[in-house]
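S.K.: Okay, predicted coordinates and the sequence, questions at the end:
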Amino acid sequence: MASQAPLSYSSYRTYLECPLRWKFLYIDRLPETPRGYFTFGRVVHSVLEELLRPLVTPPTRRLGETELQRTLDEWHPTPGVRADGDLPSLDALLAAYDRAWTGEGYTSPEDEARYRALGRDLLSRYHAQLQAERPHPVAVEEHLEARWDGIPVHGYIDRIDRTSKGGLEVVDYKTSRELSSDDARDSDQLSLYQVLVERNFSEPVERLTLYHLRSLTPLRAPPRSRGALGVLHERLGVVVDGIRAEAYEPTPGRQCARCDFQSRCPEFRSVPVAERERLAVLVDKFATLRSEERRLESELRRTAEELHRAAEELGVHRVPGSQSVAIRRREEAWQYTLDPVRPLLERSGLSGRISNGSPEEVRRLVRDPAVDPELRRKVAETGARRVKWYWELEDDAPES
Ligand code: SF4
């Protein structure tokens, strides 16, 4: 059984994309082929950490689970001491960049040179921007851990800034080509970082930001609501349950194109030559039977419809054949959509009666004599009756 190691954002995302790839990476610890764009991102992140560390003033740490996280309204910041360390000069910054540089994973010397020049350019522009406007970081490259309602999570946060209101801004640098405001609003990574910061620091989270380094643009979003965090917590729970159950099914998709483990993956492994002929016969037989099955299903449906039309005209339910008797059966069910039902139940203080939101719960409520008959009638009026006819063959059909 896999131990319940804290879940990072990338571990969570990898499992959602393909559990088998997750197993190769996190259980079998198979190495991946280095890729230039990852190397580039790592180098730029490490240089930015070096650049901003002199400006860091530590935040207020929570004293543990007993100390509640405060909201922005409740938070009264005390004027803190701001670190006024010197930013490294541009030359020192670029020298640090040269020291950190590694050519790992680039597809060609030209590819490496292109990325290297891009890094120099964006770091130089960022350095100039910092002269005009300095952030007030309380942490850079901070590793945070938390137990989020039973789920252990962790993450390395690029930067956490103190805002002018005294709250915290979670900043994640992105070196990717394209980025939009929607990315900041929808990012599960930022949601998870919000939780990590809230569980570790007393100051409230005021903003979540993806920082697009190529354009030096912060893409900001407000902190997530409790409801939105609840949705993420549920998805994390699904991942944790899957890992605990050792469910590692391959899930092919776009991610396969950049997966290093195709040779180990059943989705891509070839049938051994010695077995191909035997298995080809089975596959052909399966294909023939499947097509016959479809043809029979369609013929069965047409025959039942024809019988139904004739039985309707004649007003009969039992139709004898030479080998058996076909009996027409009727099945009736009330179907409910929940949207019109919910407000009715809320007004009567009974919204808890549809806890899982299934139409079956509504049907039970409509039949429940303990519920006010007027309410039951109103709920029943939102439903639609569905009638289904089907045919059975009499078990004790006469011998021919
Ligand atoms: S090749 Fe595709 S399906 Fe197979 S492990 Fe990799 S990502 Fe998963």
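M.R.: Alright, I've got the coordinates. Numbers count the residues shown, from 1 in each chain.
S.K.: How many residues are close by the residue lying closest to residue 359 once chain neighbours are set aside?
M.R.: In this structure, residue 359 finds its nearest non-sequential neighbour in residue 336, 4.5 Å apart by Cβ to Cβ, 6 or more residues apart in numbering. Glycine gets a C-beta too; all of them are placed from N, C-alpha and C. Residue 336 has 21 neighbouring residues, counting by other Cβ atoms under 10 Å.
S.K.: Enumerate every residue touching residue 336.
M.R.: 359, 362, 363, 379, 382, 383, 384 (Cβ atoms under 8 Å, 6 or more residues apart in numbering).
S.K.: List, one by one, the residues from the stretch 251-400 of the chain near the ligand.
M.R.: 251, 252, 255, 256, 259, 261, 262, 265, 267, 268 (Cβ under 6 Å from any ligand atom).
S.K.: how near is the closest residue to the third one other than its chain neighbours to residue 308?
M.R.: Spelled out, it's residue 255. Spatial nearest neighbour of residue 255, excluding adjacent residues (Cβ to Cβ, 6+ apart): residue 17 at 4.7 Å. From residue 17 across to residue 308, the span is 47 Å (Cβ to Cβ, to the nearest Å).
S.K.: same thing with residue 125?
M.R.: Counting by Cβ to Cβ - residue 125 and residue 308 are separated by 74 Å.
S.K.: likewise residue 220?
M.R.: According to Cβ to Cβ, residue 220 and residue 308 sit 62 Å apart.
S.K.: And the pLDDT for residue 74?
M.R.: pLDDT, residue 74: 55.
S.K.: now do residue 338
M.R.: 79.
S.K.: Isn't it up against residue 362?
M.R.: Yes: contact criterion Cβ atoms under 8 Å: residue 338 and residue 362 qualify, at 7.1 Å.
S.K.: what touches both of the two?
M.R.: residue 354.
S.K.: Could I have the CA atoms of the worst-scoring helix or strand of the chain on mean pLDDT written out in PDB?
M.R.: Least confident helix or strand, the chain: helix 359-367 with a mean of 81, by mean pLDDT, DSSP states H and E. Provided in PDB are the C-alpha atoms of helix 359-367 (Å, rounded to 0.1, in the frame of the first residue of the first chain):
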ATOM      1  CA  PRO A 359     -34.600  12.400  -8.200                       C
ATOM      2  CA  GLU A 360     -35.200   9.200  -6.100                       C
ATOM      3  CA  GLU A 361     -35.000  11.400  -3.000                       C
ATOM      4  CA  VAL A 362     -37.700  13.700  -4.500                       C
ATOM      5  CA  ARG A 363     -39.900  10.700  -5.300                       C
ATOM      6  CA  ARG A 364     -39.500   9.400  -1.700                       C
ATOM      7  CA  LEU A 365     -40.500  12.900  -0.400                       C
ATOM      8  CA  VAL A 366     -43.600  13.000  -2.600                       C
ATOM      9  CA  ARG A 367     -44.700   9.600  -1.100                       C
END
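S.K.: Next, the buried residues of it.
M.R.: By 16 or more other Cβ atoms under 10 Å, the buried positions in helix 359-367 come out as 359, 361, 362, 363, 365, 366.
S.K.: ok, residue 340 - how many residues close by?
M.R.: Each residue near residue 340 was counted by other Cβ under 10 Å, and the total is 13.
S.K.: contacting residues around it?
M.R.: residue 382.
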